[in-house]
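[1] prediction below, plus the sequence it came from.
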Amino acid sequence: MSRMNVNLAGVELKNPVMTASGTFGSGAEYSEFVDLNRLGAVVTKGVANVPWPGNPTPRVTETASGMLNAIGLQNPGIDVFCERDIPFLKKYDTKIIVNVCGKSAKDYCEVVERLGNEPVDMLEINVSCPNVKEGGIAFGQNPKALEEITKEVKKYAKQPVIMKLSPNVTDITEMAKAAEAGGADVLSLINTLTGMKIDINRRTFALANKTGGMSGPAVKPVAVRMVYQVANAVSLPIIGMGGIATAEDALEFIMADAIEFLLAGASAVSVGTANFFNPYATVEIADGIQAFLEKQKVEDINELIGVVK
């Protein structure tokens with residue numbers, strides 16, 4: 001049996017497959033379909049210091065080979081999360097990664113500090129949130145702001161910190177280096193690409209928010225390119241995501257997506273949009289990677305990480 005374990009900043013995952021934040025609830029929603037014990041980690045939906053109502057509807061629309069969402073990070077807040085979601089996830093043998101969102105450095109740090117005493121394994125910081133103090137530009141779109149927020153969060157964090165990079169930038173490597181300089185332990189990328197859809201019959205925007213985050217198979221080549229660039233620019237472990245999916249047909253297709261990210265330099269992968277059209281995607285991908293390793297006679301998945309130079 002080939003070895004599937006990967007190590008992210010001292011946290012050992014049984015396999016490199018995890019869920020992408022915002023596509024899997026906090027695990028309970030999918031637990032009837034997926035044995036959470038089979039996953040390397042569950043990455044929760046974004047959690048803020050107070051409840052967020054999210055954006056007005058409609059806030060989800062389908063696109064060619066993907067989707068747009070403008071949910072607006074609706075969440076019940078850290079109190080409910082700690083009381084309800086963490087105890088549920090602790091019943092399973094999987095790592096817990098909490099995605100944290102905020103509108104200011106103070107917001108992020110409040111959540112990170114609160115999670116310091118909770119039994120969670122890692123924190124993923126969503127820096128695609130608008131920075132209210134800087135006129136709404138996302139923290140992750142300005143290298144200085146990204147380095148600063150990383151430094152601030154690291155002051156309060158008791159768990160390893162994953163900085164989730166936005167692809168909506170000119171140079172992704174500049175952002176990766178800023179997060180590394182701020183003390184990030186791991187990087188995850190890519191978050192969604194900003195997109196728009198017009199409903200020609202209603203002669204208005206398909207989303208009430210006008211723009212939304214694009215995800216799904218259509219973004220995969222962009223994501224693979226960015227993961228490759230970042231892997232060659234910094235020395236941090238990377239969680240790759242963006243369009244990793246099943247085309248409902250061949251198992252090889254599923255695992256090829258994930259393996260492509262590993263070859264590009266990711267140590268682990270997150271599966272997002274695929275969960276919506278195939279709730280079993282994560283487990284199928286984990287099985288697919290295992291089968292690929294056996295077939296190729298690769299003893300340890302770590303042999304494949306970043307082999308494409």
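    Received the coordinates, thanks.
[2] contacts, neighbours, all on C-alpha from now
    OK.
[3] for the stretch 51-200 of the chain, just list every one of the helices.
    Listed in chain order, the helices of the stretch 51-200 of the chain (DSSP state H, counting those that start in this stretch) span 78-80, 86-89, 105-115, 143-156, 172-181.
[4] buried deepest among those helices, which one?
    Among those, ranked by average contacts under mean count of other Cα atoms under 10 Å, first place goes to helix 172-181 (a mean of 22).
[5] re earlier: of the helices of the stretch 51-200 of the chain, which is nearest residue 201?
    Closest of the helices of the stretch 51-200 of the chain to residue 201 is helix 172-181, at 37.2 Å (criterion: Cα to Cα).
[6] who's in contact with that closest one?
    140-144, 146-147, 150, 163, 165-166, 187, 226, 229-230, 233-234, 236 (Cα atoms under 8 Å, 6 or more residues apart in numbering).
[7] the inter-axis angle of it versus helix 143-156?
    30 degrees (axes from the mean of the first three to the mean of the last three Cα atoms, to 10 degrees).
[8] mind putting the helices of the stretch 51-200 of the chain in TSV, mean pLDDT and distance to residue 28 included?
    As requested, the helices of the stretch 51-200 of the chain are exported to TSV (pLDDT from 0 to 100; distance: least, Cα to Cα, whole Å):
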stretch	mean pLDDT	distance to residue 28
helix 78-80	98	14
helix 86-89	98	7
helix 105-115	97	19
helix 143-156	97	28
helix 172-181	98	31
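[9] same list (those helices) but as CSV, adding distance to residue 265.
    Shown next, in CSV, are the helices of the stretch 51-200 of the chain (distance: least, Cα to Cα, whole Å):
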stretch, distance to residue 265
helix 78-80, 33
helix 86-89, 29
helix 105-115, 28
helix 143-156, 22
helix 172-181, 14
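[10] out of these, which gets nearest to residue 30?
    It's helix 86-89; of those, that one is closest to residue 30 (Cα to Cα) at 11.7 Å.
[11] only alpha carbons, please: show that closest one as PDB.
    Extracted as PDB, the C-alpha positions of helix 86-89 are listed here (Å, rounded to 0.1, in the frame of the first residue of the first chain):
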ATOM      1  CA  ILE A  86     -16.200  21.800  16.600                       C
ATOM      2  CA  PRO A  87     -17.800  19.100  18.900                       C
ATOM      3  CA  PHE A  88     -19.300  17.500  15.800                       C
ATOM      4  CA  LEU A  89     -16.000  17.400  13.900                       C
END
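[12] so how far is that helix off the chain centroid?
    In terms of Cα atoms, centre = their mean, to the nearest Å, the centre of helix 86-89 is set 19 Å apart from its chain centre.
[13] what does stretch 102-117 give?
    Worked out by Cα atoms, centre = their mean, stretch 102-117 lies 18 Å from the chain centre.
[14] which residues in the stretch 101-250 of the chain form strands?
    Assigned by DSSP state E, counting those that start in this stretch, the strands in the stretch 101-250 of the chain fall at 122-126, 161-164, 186-189, 193-196, 198-199, 204-205, 211-215, 238-241.
[15] please identify the most buried of those.
    Mean neighbour counts for these (mean count of other Cα under 10 Å) peak at strand 238-241, with a mean of 30.
[16] just the residues contacting that one, thanks.
    Strand 238-241 is contacted from outside by 20, 186-191, 223-224, 227, 231, 261-262, 265-272, using Cα under 8 Å, 6+ apart.
[17] what mean pLDDT does stretch 189-199 have?
    On average, the pLDDT along stretch 189-199 is 96.
[18] just how off-centre is it within its chain?
    How far stretch 189-199 lies from its chain's middle: 15 Å, per Cα atoms, centre = their mean.
[19] residue 59: how many residues sit nearby?
    Neighbour count for residue 59, taken as other Cα atoms under 10 Å: 19.
[20] swap that for residue 135, sorry
    Counted with other Cα under 10 Å, residues neighbouring residue 135 total 8.
[21] please apply the same query to residue 121.
    Residues near residue 121, counting by other Cα under 10 Å, number 19.
[22] pretty sure it sits against residue 97.
    Yes. In this structure, residue 121 is within contact of residue 97 by Cα atoms under 8 Å, at 5.9 Å.
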